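Peer 1: Predicted model and sequence follow; I will ask about them next.
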Amino acid sequence: MVVCICNAVRDTDIEHARRRGVTTLAVIAAACGAGAACGTCREAVLSLLTGAPASSSGAAEAVCAEPHGPKPEFRLPSAP
Ligand code: FES
């Protein structure tokens, strides 16, 4: 399922990042762009990263009005 429409980031991408230790919006945004454009998906992205339930606002289902470009390269920061 695509979670971040602006950057075509799927739930599996976010789960992959979470398993590699990503827990913040700033890091996931830098890694793959999730939440870095319109921000509509940020609550859903954070929910996937932390395991906390998203609110009933249905952020993952929201429609983004931003123009969608090509999916950026998925990069995670190097381990410390
Ligand atoms: S849907 Fe994720 S930044 Fe727009």
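Peer 2: Arrived safely.
Peer 1: Please count neighbours and contacts with C-alpha atoms only from this point.
Peer 2: OK.
Peer 1: where are the low-confidence patches of this protein?
Peer 2: Scanning the chain for pLDDT under 70 picks out 54-74, 77-80.
Peer 1: now the helices for it?
Peer 2: Here the chain has its helices, by DSSP state H, at 11-19, 25-32, 42-50.
Peer 1: quick one, which of the ones you listed is nearest to the ligand?
Peer 2: helix 42-50 (6.4 Å; CA to the nearest ligand atom).
Peer 1: hmm, back to that, mind putting the helices of the chain in CSV, distance to C4 included?
Peer 2: Putting the helices of the chain into CSV (distance: least, CA to CA, whole Å) gives the following:
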stretch, distance to C4
helix 11-19, 9
helix 25-32, 10
helix 42-50, 8
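Peer 1: R75: which of the ones you listed is closest?
Peer 2: helix 25-32 (4.4 Å; CA to CA).
Peer 1: wait, does the closest one contact the ligand?
Peer 2: No. Helix 25-32 lies out of reach of the ligand by CA under 6 Å from any ligand atom, never closer than 8.6 Å.
Peer 1: Kindly report the same for stretch 33-51.
Peer 2: Yes. Judged by CA under 6 Å from any ligand atom, stretch 33-51 and the ligand are in contact via 34-41.
Peer 1: Mind exporting the C-alpha coordinates of stretch 1-17 to PDB?
Peer 2: Output in PDB follows, covering the C-alpha atoms of stretch 1-17 (Å, rounded to 0.1, in the frame of the first residue of the first chain):
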ATOM      1  CA  MET A   1       0.000   0.000   0.000                       C
ATOM      2  CA  VAL A   2       1.300   3.400  -0.900                       C
ATOM      3  CA  VAL A   3       1.500   5.600   2.300                       C
ATOM      4  CA  CYS A   4       3.100   8.700   0.900                       C
ATOM      5  CA  ILE A   5       1.500   9.500  -2.400                       C
ATOM      6  CA  CYS A   6       3.800  12.500  -3.100                       C
ATOM      7  CA  ASN A   7       6.900  10.300  -3.100                       C
ATOM      8  CA  ALA A   8       5.400   6.900  -3.800                       C
ATOM      9  CA  VAL A   9       6.600   5.400  -0.600                       C
ATOM     10  CA  ARG A  10       5.000   2.100   0.400                       C
ATOM     11  CA  ASP A  11       4.300   0.700   3.800                       C
ATOM     12  CA  THR A  12       6.900  -2.000   3.100                       C
ATOM     13  CA  ASP A  13       9.500   0.700   2.500                       C
ATOM     14  CA  ILE A  14       8.700   2.200   5.900                       C
ATOM     15  CA  GLU A  15       8.700  -1.200   7.600                       C
ATOM     16  CA  HIS A  16      12.100  -1.900   6.100                       C
ATOM     17  CA  ALA A  17      13.400   1.400   7.500                       C
END
